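# attaching a predicted model along with its sequence, questions to come.
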Amino acid sequence: MRSSGSPRADRRRTVPRAAAAALSLATMAVLAGCASATTTPDASSSGAAFKPVTQKDGSQITVWADSTRLPSVQAYQKSHPDVKMKIVTYDGGADGSTYLQSKVQLFDRTGSGWPDVVFGSPTDVTWASEATKPGARPFAAPLDDKLVPQSTLDGFAKGSLTPCEFNGHTYCLRNDIAQVVLWYNQSLMDKWGYKVPTTWEEYEALGKKVAKEHPGYLVGSVGDTNSHESYFWSGQCPAFSLTKPDTLRSDLQDPNCTRTAKLLDGLISAKAVTTKGFFSQGFAKDSGSKVLMAYGPSWYGQYLFKAAFKTPSKQIAAAAPLTWQGETTAATGNVGGGVWMVSSHSANLKASTDLATWLTTSDENQASAPTYPAFTKAAQAWLANPANSDYFANDVSKPFQEAANEVWTGWSNTKFPDATAWSSVVLPALTSGKSLTSTLPAWQQEITNEAKAQGYKVVNQ
């Protein structure tokens, strides 16, 4: 995950990457359960021990949240009147903002001012888990070190906390996820006698058939700033794979990358997959009614088909992620999802940790959240909420739950957004008529340049 976007939080996961475009369409909140926090340091798996600052029981905690998550924080305050809170609204790390990082660097220099709890993007965790200068403590507290019970951490969807994990510790709690599934217009599929594909090969064949039998209808788009997360992340393409904390593997000539590019090139050539973005200006009006299928995040149902395309209810359905022929294990991508961090400088870790846990795990909060909760039990409550299911033509619970545990963890959370290179290099090339396959070297070079600028060593094979 990595960016904030339509339903996410950083452009690099946190929902969506047109996610920025999407996030404007979808304001989301994220909510959750209860936690106990003690301040006794304990040896970590890396050999270090977290040493809290002097604790002041009952002291006020300062919370930074974006406008979307603000109502959730206020709801916690209302239901926990004994907790003293100061709530500050900020951008939440949206669209790659470095506001939080800049402020923390300032607070590190002045020695005060750190918020106790913050909402941010997965990209924020990459710097918040490290000291900003020699002698300083990392901003984020290691939540697995006597703050959040392991049983609670184990309750999150498989792999959903991976963006929070550095050097053997967990530095954030995942607010929501945006697992990729196959969306389709069931009414049109039934009308035309088409079978919902279960493999990429079937998806490709059906797309080409649709192009011939119903010209103008589409089975996907690669034109949004987050389209690569739906297709290449789901294809297990090692574009952003950290082999070590300081070493990035970006190999776009890997067979998993080239097969995905080749498949999409064929569908683009057949005009079954468009190079225009689903969220681009005018697309909804001109082509929204002609989207037969879309491979994209779980928030597509509410925020793309319902809100943007205005597709009538009981037409859109969801299916499980696709597999490649001959492969039995499915893998999928993630297009969004924010995180909550607790400051290592907090003098009231008990209250701070309880808030972050409640926001992410409580049924009370998450059942009405805008997007799919990362915490498995809260996700069940979310799916049981008619507001999250009544619009669809089928029961989305099974495909959503399957996909939530199939997000490929080989697409790593890095110090730079994964959307920049795609947007600056790949999208202009596609618009000019170049193929995805021919653009892979330039895309890889731009990722390499960005990674090296952030201090990473880069290997391309």
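That came through fine. Numbering: from 1, shown residues only.
# every contact and neighbour count from this point should use C-alpha atoms.
Will do.
# what strand or helix carries residue 87?
Secondary structure from DSSP states H and E places residue 87 in strand 85-89.
# can you show me the strands along the stretch 351-461 of the chain?
Under the criterion DSSP state E, counting those that start in this stretch, strands of the stretch 351-461 of the chain are mapped to 457-459.
# and residue 337, helix, strand or coil?
coil (DSSP: H, G, I helix; E, B strand; the rest coil).
# same question, residue 328
The three-state assignment at residue 328 reads coil, by three-state DSSP.
# quick one, what contacts the nearest residue to residue 331 once chain neighbours are set aside?
In this structure, residue 331 finds its nearest non-sequential neighbour in residue 406, 5.1 Å apart by CA to CA, 6 or more residues apart in numbering. Listed by CA atoms under 8 Å, 6 or more residues apart in numbering, the contact partners of residue 406 are 158, 330-332.
# circling back to that earlier point, same question for the strand holding residue 87, mean pLDDT?
In this model, strand 85-89 has an average pLDDT of 97.
# could you dump it to CSV, C-alpha only?
Coordinates of each C-alpha in strand 85-89 appear next as CSV, following Å, rounded to 0.1, in the frame of the first residue of the first chain:
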residue,chain,number,x,y,z
MET,A,85,-7.7,15.2,23.8
LYS,A,86,-6.5,18.0,21.6
ILE,A,87,-7.5,17.4,17.9
VAL,A,88,-5.7,19.0,15.0
THR,A,89,-6.7,18.6,11.4
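# show me what that strand is packed against.
If contacts are counted by 3 or more CA pairs under 8 Å, 6 or more residues apart in numbering; DSSP states H and E, strand 85-89 sits against strand 61-65, helix 70-79.
# check which element follows it along the chain.
Counting by DSSP H and E, what follows strand 85-89 is helix 99-110.
# which SS class is residue 318?
With three-state DSSP as the basis, residue 318 sits in strand.
# surely it meets residue 196?
No: counting by CA atoms under 8 Å, residue 196 is not a contact partner of residue 318; they are 9.8 Å apart.
# between these two, who's got more neighbours?
Taking other CA atoms under 10 Å, residue 318 and residue 196 do not tie; residue 318 has more neighbours (27 against 19).
# beta partners of the more buried one?
Note on residue 318: beta-bridge partners residue 183, judged by DSSP bridges.
# got a list of what it touches?
Residues near residue 318 by CA under 8 Å, 6+ apart: 181-184, 394-396, 399.
# quick check: it vs residue 264, distance?
Look at residue 318 and residue 264: by CA to CA, to the nearest Å, they are 21 Å apart.
# hmm, back to that, report the buried members of the contacts of residue 318.
Neighbour counting by 16 or more other CA atoms under 10 Å classes 181-184, 394, 396, 399 among the contacts of residue 318 as buried.
# ok, these vs residue 164, which is closest?
Checking those against residue 164 with CA to CA, the nearest one is residue 181 at 23.1 Å.
# just confirm the closest one is within a strand.
Yes: according to three-state DSSP, residue 181 belongs to a strand.
# excluding its backbone neighbours, what's nearest it?
residue 321 (4.8 Å).
# about what we covered before: want to try TSV for the buried ones among the contacts of residue 318, with pLDDT and distance to residue 386 as columns?
Formatted as TSV, the buried ones among the contacts of residue 318 follow (pLDDT from 0 to 100; distance: CA to CA, whole Å):
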residue	pLDDT	distance to residue 386
181	98	20
182	98	21
183	98	19
184	98	20
394	97	13
396	98	12
399	98	17
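# which one of those sits closest to residue 278?
Checking these against residue 278 with CA to CA, the nearest one is residue 183 at 13.3 Å.
# that closest one and residue 460, how far apart?
33 Å.
# same check, this time on residue 368
Distance, residue 368 to residue 460, by CA to CA: 43 Å.
# those two: who's more crowded?
The neighbour count for residue 368 versus residue 460, taken as other CA under 10 Å, is higher for residue 368 (23 against 15).
# the spatially closest residue to that one that is not a sequence neighbour - how many residues pack around it?
Excluding its sequence neighbours, the residue lying closest to residue 368 (CA to CA, 6+ apart) is residue 382, at 6.3 Å. Other residues within reach of residue 382, judged by other CA under 10 Å, total 25.
# from residue 376, how far off is residue 382?
Separation of residue 382 from residue 376 (CA to CA): 10 Å.
# repeat that for residue 417.
Distance of residue 417 to residue 376, computed by CA to CA: 27 Å.
# can you tell me the element residue 204 falls in?
Per DSSP H and E, residue 204 falls inside helix 200-213.
# neighbouring contacts of that helix?
By CA under 8 Å, 6+ apart, helix 200-213 touches 194, 197, 217-219, 263, 266-267, 270-273, 322-325.
# one step back: and the residue nearest to residue 368, how far from residue 75?
From residue 382 across to residue 75, the span is 17 Å (CA to CA).
# show me where the stretch 101-250 of the chain has strands.
Assigned by DSSP E, counting those that start in this stretch, the strands in the stretch 101-250 of the chain fall at 117-120, 165-166, 169-170, 173-174, 180-185, 220-221, 241-244, 247-249.
# go through the next helix or strand after the last one and flag the buried ones.
Sequence-wise, the next helix or strand beyond strand 247-249 is helix 255-269, with elements assigned using DSSP H and E. When neighbours are counted by 16+ other CA under 10 Å, the buried residues of helix 255-269 are found to be 256-261, 263-268.
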